[in-house]
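**Student:** fold the following, please.
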Amino acid sequence: MRSDTGGCRVKSYSTEADGFVRNISWTDISIDGLEVPGLARSGGGPYCSYVPPGACSCLSVDERYKPPPSPATHFVNVTGLVFQNVTGTCSDPPDFACVEESVCEVELQDVAIKPAPWRVYKHKPFEMKCDHVRGTASGSIAPASCL
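**Tutor:** All right, here's what the predicted structure looks like:
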């Protein structure tokens, strides 16, 4: 993936029925900058400067992609999600944001993501983030695994 605006990501949110994401592998992927420097939105400026930190992560699970209905009673379970031999540069570090009410399992094998030199949030540490996720990490992992 070169100068992409996506990356290896899963986005989901609570709906009116239970759901699942399972048995997905991202394998042997090289990422060269998640965002094209200077990619503009309608207001001008880099896309990643318009969204909160973590929104431009090239490895992520985001179960809070949209606000849940109130009250949220159905959730998406994520299982069997594997990131294997994924390397490169990205604007934000890997970010796995799951909701407490769901199952969220991630496996990392030989993952090395470095900060892109033009990243927007340079004042924030480039650390992997995990929220309500469990899993395993093996091989060489950078930044350090939070699993």
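**Student:** tell me the spacing between C8 and H74.
**Tutor:** Separation of C8 from H74 (Cβ to Cβ, to the nearest Å) stands at 25 Å. Every residue, glycine included, has its C-beta placed from N, CA and C.
**Student:** between the two, point out the one with more neighbours.
**Tutor:** C8 (24 against 14; other Cβ atoms under 10 Å).
**Student:** surely that one and V61 touch.
**Tutor:** No. Contact between C8 and V61 fails when scored by Cβ atoms under 8 Å: they sit 9.9 Å apart.
**Student:** and the worst-scoring helix or strand of the chain on mean pLDDT, what does it pack onto?
**Tutor:** Sorting the helices and strands of the chain by mean pLDDT, DSSP states H and E puts strand 59-62 at the bottom, at a mean of 72. Counting contacts by 3 or more Cβ pairs under 8 Å, 6 or more residues apart in numbering; DSSP states H and E, strand 59-62 packs against strand 8-11, strand 76-90, strand 95-97, strand 104-115.
**Student:** elements contacting the first one?
**Tutor:** In this structure, strand 8-11 packs against strand 19-32, strand 59-62, strand 76-90, with contacts taken as 3+ Cβ pairs under 8 Å, 6+ apart.
**Student:** report the mean per-residue pLDDT for that strand.
**Tutor:** What strand 8-11 shows for mean pLDDT is 76.
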